[in-house]
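[1] What follows is a predicted protein model with its sequence.
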Amino acid sequence: MTNTTTSTTTATDPGTKQFPSGTILGYPRIGPRRELKKALESYWSGRTDAEQLRSAAADLRRSTADRLTRLGLDPVSGAIPGGFSLYDQVLDAAVTLGAVPERLSGVRGPDGGIDLDGYFSLARGNADTAPLEMTKWFDTNYHYLVPELSPDTDIRLGSTAIVDQFREATADGVTTRPVIVGPVTFLLLSKAADDAPSGFRPLDRLGDVVAAYRRLLARLAEAGAEWVQLDEPGLVVDGPNSTAALGAARTAYAELGAAPIGAERPAIFASLQYADAGDAFAVLARTPVEAIGIDLVRGDVPDLTSDVVSGLAGKTVVAGLVDGHNVWRTDLARAAGVLERLAGLVPSVSVSTSTSLFHVPHTLDDEPSLPAALKSWLRFADEKVAEVAVLARGLRDGFDTVRSEIEEATEAGASRERATGVRDGVVRGRLAGLAAGDFERGDYARRRLQQDRRLGLSPLPTTTIGSFPQTAEVRAARGKLRTGELSADEYRDAMRAEIARVVELQHDLGLDVIVHGEPERSDMVQYFAENLDGFATTANGWVQSYGSRCTRPSILWGDVSRPAPMTVPWASYAASLTEKPLKGMLTGPVTILAWSFVRDDQPLGDTARQVALALRDEVADLESAGIPIIQVDEPALRELLPLKAADRPAYLDWSVGAFRLATSGVADATSIHTHLCYSEFGEVIGAIDDLNADVTSIEAARSRMEVLSDLRAEGFSRGIGPGVYDIHSPRVPTTEEITGLIRAALESAPADRLWVNPDCGLKTRGYAETRAALENLVGAAHAVRRTRAAVGA
Ligand SMILES: Nc1nc2c(c(=O)[nH]1)N[C@@H](CNc1ccc(C(=O)N[C@@H](CCC(=O)N[C@@H](CCC(=O)N[C@@H](CCC(=O)O)C(=O)O)C(=O)O)C(=O)O)cc1)CN2
Ligand code: MET
Ligand SMILES: [Zn+2]
């Protein structure tokens, strides 16, 4: 193979440094052993002070820069990205712009700035104010904070933390590449504040936002930054704002690029991520940015018309060939091929990850229990950095110089294809034998009649979403099981004791439908992964989900089957303690996929149906054990909705199909519930109806029941439980507030279909607030029942 890139560097403006040949778009912030989580939680609880938090964060940034240097990124050419955040990168962008909504202006310090506690109040709320809303970052399980803008939000360079961090690294001899969410994506991810006039769109503030970014870039240039990365994944998403977004990108980057490079700004690297670059690539090619990043894991090499290629003069195309969002080893031969092809087409090419690596765990080196064969197919963040370094060396010195690394990767891929467990004839045979009837239940009216008769519930039945607070004692017991300090029997007894306490609490509170409380689950996906064949779980593979909260996504590597019942003993034990109906609790196939790292060697729909069949067996066993209600949670149904409109119908088809396959084996008298949260459901309302669940509980408290009118418009006519208690905050809602929400819900759904429940599970809450809030929830349901009975409704 030949090296075609060395001659291209001259195309770049002589004032501009060449973009580094290999880089990553971002790196995990939480720390290999969750150092940031621990520092944050200890600061929030008052055990440590601001200075200790600042120094823990600085230590983390320093050890990250050291590690990335050791792994082969150049410490002085801007190959090492900044992009650290104490909580969230979108919040950081908002704070950089000083963009604090009027309702939260109390978080400003005396000098008008936002100090550490103000920052955390925006993220987590305080005694007086609700925090910014939190929602999913593109199609991932990471949650960002939603900035609120109005025509008079004060937008100006409000914080220079990003400049300070650049200087901090420089002092250590590392020239980083500061990273910030780009101006257009920032506005696309923002929402209009409640007090904004109707018709206002955040994009209307583009001029002010760009002016503030211009000042930020000037400060970075002054500090010596040669490159800055502006993340613009918002530009690749199909949606009602797509056209406006591309127009805004033209304006924003013409304006930012007009400033003289070196003196007033660093060279600009605009990165597109999470999907095919589509039209955004050509748009950016025509702006005066110096580098454009594209996701070549999810997307293809862009159309390189002569017009686009001439726009690329002086620019570097940064090819995202190492997957930032999944853990499989890169097919280096394929990646090298793409790089060589690109190098022949455009003036200058570099290699990178497809997205920031903060979606994957730190390192495989801290996973002694993962089987060696599986490990040889995997790459976590550090190992991916090494892959980038290999490809960059190939680009610079010719791919012959990395021949052995390429061959090793090819061999690992071949061994994965042949490995036992990757293909299981029994599982495949079962899938091949599925018929249309396996996805269908009986007529809803008949189901409803039989379930009503069996359950005998009052109108507006009360229930919870499944989990009760995960206490330190419960987690400690699981810790002791792992270390062998508790035997399996002792652990089972500890969980049973917890279940008994939770059932008794629900009796005390007067809840109508009882749950076992999920104490045995470290996580609602990991628990099932631990009990199913085809999955592996990690010891330290933590990934940030929001703020200090992390998950250890499981690795779905082979064909999936269920060796034994997973939840039946817990549910049966809980049922034995109560006369009231017990609701069994499972995580649905789509959510199990969404929150795991999933094999990339077959269509997701096939994998989803395998998981669905395993769950179908569990549903059947719960039914045989006499459990009358089975809830199958699908909070991630919206999360996996493809960013490209053309891919959505096929996704909705397989995702809805997998849920139906898991739940359609039951008799009419068995009630199937589902639960959805953490998303805006507008775009998947039709799919929610198609799930064909008897009852759907859905997050609604913060949006004051908005979702109900959408459901009504869709003709949704089965049971519905809009959340009336926002479990994301420790605040206890009053009986009056909840009564108000139930009455609001009654305007969109009749009383005989309405359930009363919280927004989501209670695992992150404490017992004191949980008890108080549920007391008010039951009180509110009873109050509404009484007034309706009095007027004969
Ligand atoms: N996978 C997933 N994604 C999700 C959700 C979810 O529940 N699961 N919910 C939504 C919001 N996201 C969330 C993500 C994480 C957490 C969360 O609370 N995570 C916990 C960890 C939960 C866990 O895995 N717990 C384990 C391990 C706990 C632990 O830290 N153990 C200690 C030892 C404990 C001891 O001995 O006391 C240790 O390893 O150091 C367990 O209970 O077994 C945390 O960050 O603190 C909540 C919501 C959307 N996405
Ligand atoms: C993120 S959805 C959570 C549903 C689960 N049953 C729970 O209550 O925790
Ligand atoms: Zn939920």
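    That came through, no problem. Ligands and ions are numbered 1, 2, ... in the order given.

[2] and the residue in the stretch 201-350 of the chain that ligand 3 sits nearest to, what is it in contact with?
    When distances are taken as CB to the ion, the stretch 201-350 of the chain reaches nearest to ligand 3 at residue 325, 22.3 Å away. Yep, even glycine has a C-beta here, placed from its N, CA and C like the rest. Applying CB atoms under 8 Å, 6 or more residues apart in numbering, we find residue 325 in contact with 140, 274, 297, 354-355, 359-360.

[3] any idea which element the residue nearest to the spatial centre of the chain lies in?
    In the chain, the C-alpha nearest the mean C-alpha coordinate belongs to residue 141, at 1.4 Å (CA atoms, centre = their mean). For residue 141, there is no helix or strand it lies in under DSSP states H and E.

[4] closest to residue 450 among the contacts of residue 325?
    When the contacts of residue 325 are compared for distance to residue 450, the smallest value, 40.6 Å, is given by residue 140; criterion: CB to CB.

[5] what about the residue nearest to that closest one when sequence neighbours are not counted, distance to ligand 2?
    The shortest distance from residue 140 to any residue that is not its chain neighbour, by CB to CB, 6 or more residues apart in numbering, is 6.0 Å, and that residue is residue 359. In this structure, residue 359 lies at 18 Å from ligand 2, with CB to the nearest ligand atom, to the nearest Å as the measure.

[6] can you check residue 730 too?
    Distance from residue 730 to ligand 2, by CB to the nearest ligand atom: 17 Å.

[7] For the nearest residue to that residue once chain neighbours are set aside, what is the enclosing helix or strand?
    Excluding the flanking residues, the one nearest residue 730 by CB to CB, 6+ apart is residue 769, at 5.2 Å. Assignment of secondary structure by DSSP H and E places residue 769 within helix 767-790.

[8] Which parts of the stretch 51-200 of the chain are helices?
    Applying DSSP state H, counting those that start in this stretch to the stretch 51-200 of the chain gives helices spanning 89-96, 116-124, 161-171, 183-189.

[9] between those, which one is nearest to residue 307?
    helix 183-189 (21.9 Å).

[10] Who are the packing partners of that closest one?
    Counting by 3 or more CB pairs under 8 Å, 6 or more residues apart in numbering; DSSP states H and E, the packing neighbours recorded for helix 183-189 are helix 89-96, helix 206-223, helix 242-258.

[11] ok, and the closest non-adjacent residue to residue 42?
    residue 48 (4.6 Å).

[12] okay but the one you found is in contact with residue 38, surely?
    No: between residue 48 and residue 38 there is no contact, the gap being 9.6 Å when judged by CB atoms under 8 Å.

[13] closest point of the stretch 101-250 of the chain to ligand 1, which residue?
    Here the residue of the stretch 101-250 of the chain nearest ligand 1 is residue 141; by CB to the nearest ligand atom that distance is 5.0 Å.

[14] wait, what's in contact with that residue?
    The contact partners of residue 141, by CB under 8 Å, 6+ apart, come to 543, 545, 551, 553, 594-595, 636, 639.

[15] same thing but at 7 Å, please
    545, 594-595, 639 (CB atoms under 7 Å, 6 or more residues apart in numbering).

[16] now do residue 538
    Residues 361, 367, 370, 552 are the ones in contact with residue 538 under the rule CB under 7 Å, 6+ apart.

[17] Work out for me the element it sits within.
    Counting by DSSP H and E, residue 538 is part of no helix or strand.

[18] So for residue 169, what's the nearest residue that isn't a sequence neighbour?
    Excluding its sequence neighbours, the residue lying closest to residue 169 (CB to CB, 6+ apart) is residue 176, at 4.6 Å.

[19] any idea how far residue 208 is from that neighbour?
    As for residue 176, its distance to residue 208 is 27 Å (criterion: CB to CB, to the nearest Å).

[20] neighbour count winner among those two?
    The residue with more neighbours, out of residue 176 and residue 208 and counting by other CB atoms under 10 Å, is residue 176; that gives 30 against 17.

[21] Report the secondary structure element holding the residue of the stretch 501-650 of the chain found nearest ligand 2.
    Using CB to the nearest ligand atom, the closest approach of the stretch 501-650 of the chain to ligand 2 is made by residue 635 at 4.0 Å. Secondary-structure assignment from DSSP H and E places residue 635 in no helical or strand segment.

[22] quick one: buried residues of stretch 426-441?
    Taking 16 or more other CB atoms under 10 Å as the basis for neighbour counts, the residues of stretch 426-441 that come out buried are 427, 430, 438-439, 441.

[23] Name the SS class of residue 20, please.
    Reducing the assignment to helix, strand or coil with DSSP: H, G, I helix; E, B strand; the rest coil, the entry for residue 20 is coil.

[24] quick revisit: give me the contacts around the helix holding residue 769.
    Contacts with helix 767-790, where a contact means CB under 7 Å, 6+ apart, come from 458-460, 462, 468-469, 505, 509-511, 724-725, 730, 732-735, 738-739, 742-743, 751, 756, 758, 762.

[25] I am finished for the moment; much appreciated.
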